[in-house]
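**Student:** only geometry, no sequence info:
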């Protein structure tokens, strides 16, 4: 549902400004969203000064620098630190992306804000609750479905058919796209969102999958699929350079193809 | 998160299931848009042309068969397209079932009423001029 103002208790307030590291010459100011359910109260923006000469090269390094040298209570998810796992997705300087591949050189000037992915419940600090996102991914049944008995060795696919999956299979499920989509903000309970639909198309177009019709049936819905209004935020933010909006357009083409 | 919510994530994501509809509306919206690509420039061009004349000359223009036909087609395509567009806006922004249904019905009534009004007005001029 559309909420132009944040619900009660969700609006971030001014937080603590942490002391500058001593002896640093290359300082940069970061404004980080903090929320702890145990402490209660509204979320707050804490201000940190980071010594960019010591912090590394990526935003994830900044977060580690803060956690290791300034404030050990800062909570964030991370795992692979190389753009493969999708765990460290967050909103950096107003744009969803993954912290581990966002370099200092890509940052705009001024204070850099870091917040959890927008419009999701917050577990703590930079950690969103992505339960619904994962459940919607499961809804599209992202695995091979066949009726033909399984071949002894493997399901074969021509090189051309395999190429159809390029630009689709690379998704790391970081949720940057889905949580950047206004349509998902307003109707995320019903609209499947760009990430789930990209995966849906990845299986719709797979030459080995035999459940294309059933898959289309499960998607054909004014909300599950047709809430996409080609806003294109998804394609703009995808840290892997994928284009979910294009995949969704192709699903719509398939829908039209089967009725006309 | 909420302790009193025992709905499983899968139940929530599946919701009421797929409506197995929406494609027809998607096609209709695009087809009416294609019609408007041709009709709107003609309509705008005609209005600009008519601005120099008086009421009687405008009525005489609208009473010509081709103009009358194109006017009714323009109104039909535009109000049809508008109805779908407004429906999308309501569905996007209004979550409350009752309010949403009421607005969707109102949307249909208004669009149909507008079309009938325009169509009958043009027909009156056309038939009136021919009599």
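**Tutor:** Great, that's in hand. Only a predicted model underlies this, so the values are computations on that prediction, with no experimental measurement involved.
**Student:** mind listing what's buried in the longest helix belonging to chain A?
**Tutor:** The longest helix of chain A (DSSP state H) is helix A:244-259. Across helix A:244-259, burial judged by 16 or more other Cβ atoms under 10 Å in any protein chain shown covers A:244-248, A:251-252, A:254-255. For the C-beta atoms, the positions are set from N, CA and C on the backbone; glycine is no exception.
**Student:** cool, and stretch B:119-131?
**Tutor:** Neighbour-count burial for stretch B:119-131 flags B:119, B:122, B:125-126 (criterion: 16+ other Cβ under 10 Å).
**Student:** Closest to chain A out of those?
**Tutor:** Chain A has its nearest neighbour among the buried residues of stretch B:119-131 in residue B:119, at 28.3 Å by Cβ to the nearest Cβ.
**Student:** got a list of what that closest one touches?
**Tutor:** Residue B:119 makes contact with B:72, B:75-76 under the criterion Cβ atoms under 8 Å, 6 or more residues apart in numbering or on different chains.
**Student:** can you check residue A:134 too?
**Tutor:** Residue A:134 neighbours (Cβ under 8 Å, 6+ apart): A:173, B:9.
**Student:** And the one 4 residues further on, by the same measure?
**Tutor:** Neighbouring residues of residue A:138 by Cβ under 8 Å, 6+ apart: B:10, B:13.
**Student:** does it sit in a helix, a strand or a coil?
**Tutor:** helix (DSSP: H, G, I helix; E, B strand; the rest coil).
**Student:** Just give me the neighbour total for residue 54.
**Tutor:** No chain specified, so I'll use chain A. Neighbours of residue A:54 under the rule other Cβ atoms under 10 Å in any protein chain shown: 12.
**Student:** if you could check chain B rather than the one you did, that'd help
**Tutor:** For residue B:54, using other Cβ under 10 Å, the count is 9.
**Student:** Please identify the helix or strand for the closest residue to residue A:260 other than its chain neighbours.
**Tutor:** Nearest non-adjacent residue to residue A:260, counting by Cβ to Cβ, 6 or more residues apart in numbering or on different chains: residue B:27, 7.2 Å away. Assigned by DSSP states H and E, residue B:27 falls within helix B:23-50.
**Student:** Buried residues, the next helix or strand after that helix. List them.
**Tutor:** As assigned by DSSP H and E, the chain's next helix or strand after helix B:23-50 is helix B:55-62. By 16+ other Cβ under 10 Å, the buried positions in helix B:55-62 come out as B:58, B:61-62.
**Student:** and residue A:227, that's in a strand?
**Tutor:** No. In this structure, residue A:227 is coil, not part of a strand, as judged by three-state DSSP.
**Student:** Tabulate the buried residues of helix B:55-62 (TSV), appending distance to residue A:90 and pLDDT.
**Tutor:** Below are the buried residues of helix B:55-62 laid out as TSV (distance: Cβ to Cβ, whole Å; pLDDT from 0 to 100):
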residue	distance to residue A:90	pLDDT
B:58	60	91
B:61	61	93
B:62	59	93
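**Student:** and which of the residues you listed is nearest to chain A?
**Tutor:** So of the buried residues of helix B:55-62, ranked by how close each gets to chain A (Cβ to the nearest Cβ), first place is residue B:62, at 35.5 Å.
**Student:** Show me which residues of stretch A:218-230 are buried.
**Tutor:** So stretch A:218-230, judged by 16+ other Cβ under 10 Å, has buried residues A:218-228.
**Student:** one step back: taking the buried residues of stretch B:119-131 one by one, which sit in strands?
**Tutor:** In strands, judged by DSSP state E, none of the buried residues of stretch B:119-131 are found.
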